[in-house]
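Peer 1: Any chance you can model this:
(one chain, ligands or ions: 2)
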Amino acid sequence: MASIQTIFQYPSSSTTTTLFTSSLSIFSIPTLPSYISVKSTFTCFSSSSSSLSSSSITDRAEIRLGLPSKGRMASETLELLKDCQLSVRQVNPRQYVAEIPQLSNLEVWFQRPKDIVRKLLSGDLDLGIMGLDTLSEFGQGDEDLILVHDALDYGDCHLSIAIPKYGIFENINSLSELAQMPQWTKEKPLRVATSFNYLGPKFMKEKGFEHVTFSTADGALEAAPAMGIADAIVDLVSSGTTLRENNLKEIEGGIILESQAVLVASKKSLIQREGVLDTTHEILERLEAHLRAAGNCKYEGR
Ligand SMILES: Nc1ncnc2c1ncn2[C@@H]1O[C@H](COP(=O)(O)OP(=O)(O)OP(=O)(O)O)[C@@H](O)[C@H]1O
Ligand SMILES: O=P(O)(O)OC[C@H]1O[C@H](OP(=O)(O)OP(=O)(O)O)[C@H](O)[C@@H]1O
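Peer 2: Ligands and ions are numbered 1, 2, ... in the order given. From the prediction side, this is the model:
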């Protein structure tokens, strides 16, 4: 990864706004697909199109960091922060607020990852950690969401389209073959089940699928083809076991997004709320130091 200066660039304007610089080297965004509209090669998760953001800077004094409250990301997020000497001190595990003694004036709020994105946009959080998939789905490229660190090295998975291994799909092995199947017509479109109601349709449209409809479900999507509810699914994959166990397969060109845990900030907070920039910088430096050391350990261990 190239060493670059940490400059937040706001692609909606022609100027580059330097919020802070350092010798950190963690801002390159690897392979985000074009429809996610990261216009700079580093630092900014942004699009000039949709704007969900309605945040206004309220007059609260404390800085708020949103962390996943439960699920896959929760414990690894706490472990990562602990490894960075940023221990989250929770008075009681059922309480949703906590503190990090090393970061003064910071409140930690435990929330569902999708709600962290929503609350960054509404101005109720200043910083947050979630999967890039959640950021992309619920942030919808909003300009106020700044990707501060794009690779926290856990929560790896990818969002992908999957189809049955059997029946009319037996010899279909790529997205273009799927698109060209004569079965999909206006009257009988390709039916896709997904909980990614923004990224799924956006991807299929970009890939030129004309006759396609979407249905939504929150879990166990892999059952939809066998139940006859859908022809294909768009869902997260990590080990691939769930797809295999349900007789489904990924296809060439069908990966929508590679995801892992990321640190995100509200641009408005960074600019307008006192202390957010310094706190972000502090967290970033600690993350970078830890991840660099961990990376070296991995390398030495090989
Ligand atoms: N195999 C996987 N399946 C789903 N998510 C995964 C997987 N591997 C890593 N992840 C990451 O974990 C996140 C899911 O976290 P979690 O299990 O807490 O669900 P959630 O975001 O609260 O969603 P839900 O409301 O569906 O429970 C994903 O957004 C993704 O970034
Ligand atoms: O590739 P794998 O390692 O098998 O992981 C992928 C599965 O994990 C997630 O589901 P989860 O376990 O969260 O249950 P859910 O279907 O109820 O959301 C995801 O939605 C896939 O179903």
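
Peer 1: send the alpha carbons of the strand or helix carrying residue 257 over as CSV?
Peer 2: Element membership for residue 257, per DSSP states H and E: strand 248-259. What follows is strand 248-259 as a C-alpha-only set of coordinates in CSV (Å, rounded to 0.1, in the frame of the first residue of the first chain):
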residue,chain,number,x,y,z
LEU,A,248,-26.3,-22.5,-4.6
LYS,A,249,-23.3,-21.2,-6.4
GLU,A,250,-21.6,-17.9,-7.0
ILE,A,251,-20.9,-16.9,-10.6
GLU,A,252,-18.1,-15.0,-12.4
GLY,A,253,-18.7,-11.2,-12.2
GLY,A,254,-21.3,-11.7,-9.5
ILE,A,255,-19.4,-10.1,-6.6
ILE,A,256,-21.0,-6.8,-5.7
LEU,A,257,-18.8,-5.6,-2.9
GLU,A,258,-15.8,-6.8,-0.9
SER,A,259,-16.4,-5.9,2.8
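
Peer 1: Any residue of it touching ligand 2?
Peer 2: No. Judged by Cβ under 6 Å from any ligand atom, strand 248-259 stays clear of ligand 2, getting no closer than 10.0 Å. All C-beta atoms are positioned from the backbone trio N, CA, C, and that covers glycine.

Peer 1: what residues does the stretch 151-300 of the chain put near ligand 2?
Peer 2: Going by Cβ under 6 Å from any ligand atom, the residues of the stretch 151-300 of the chain near ligand 2 are 219-220, 222, 235-242.

Peer 1: residues contacting residue 169?
Peer 2: 163, 178, 231, 249 (Cβ atoms under 8 Å, 6 or more residues apart in numbering).

Peer 1: That one and ligand 2: what is the separation?
Peer 2: 19 Å (Cβ to the nearest ligand atom, to the nearest Å).

Peer 1: now do residue 257
Peer 2: For residue 257 relative to ligand 2 (Cβ to the nearest ligand atom), the value is 14 Å.

Peer 1: now for the contacts of residue 169, which pair is the farthest apart?
Peer 2: Farthest-apart pair in those is 231 and 249; separation 13.0 Å (Cβ to Cβ).

Peer 1: Find residues that contact each of those two.
Peer 2: Contacts common to residue 231 and residue 249, judged by Cβ under 8 Å, 6+ apart, are 163-164, 169.

Peer 1: out of those, who's nearest residue 268?
Peer 2: Closest approach between the shared contacts of residue 231 and residue 249 and residue 268, by Cβ to Cβ: residue 163, at 41.7 Å.

Peer 1: Model confidence for that closest one, exactly?
Peer 2: Confidence at residue 163, expressed as pLDDT, is 98.

Peer 1: Pairing partners for the helix or strand that contains it, with directions?
Peer 2: Using DSSP H and E, residue 163 sits in strand 157-164. Here strand 157-164 has these sheet partners by DSSP bridges: strand 232-237 (antiparallel), strand 248-259 (antiparallel).

Peer 1: Can you lay out the ones you listed as a markdown table showing mean neighbour count and mean pLDDT?
Peer 2: Listed next are the strands paired with strand 157-164 as a markdown table, based on neighbours: other Cβ atoms under 10 Å; pLDDT from 0 to 100:
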| stretch | mean neighbour count | mean pLDDT |
| --- | --- | --- |
| strand 232-237 | 23 | 98 |
| strand 248-259 | 19 | 98 |
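
Peer 1: Using CSV, lay out those together with distance to residue 118.
Peer 2: Formatted as CSV, these follow (distance: least, Cβ to Cβ, whole Å):
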stretch, distance to residue 118
strand 232-237, 19
strand 248-259, 18
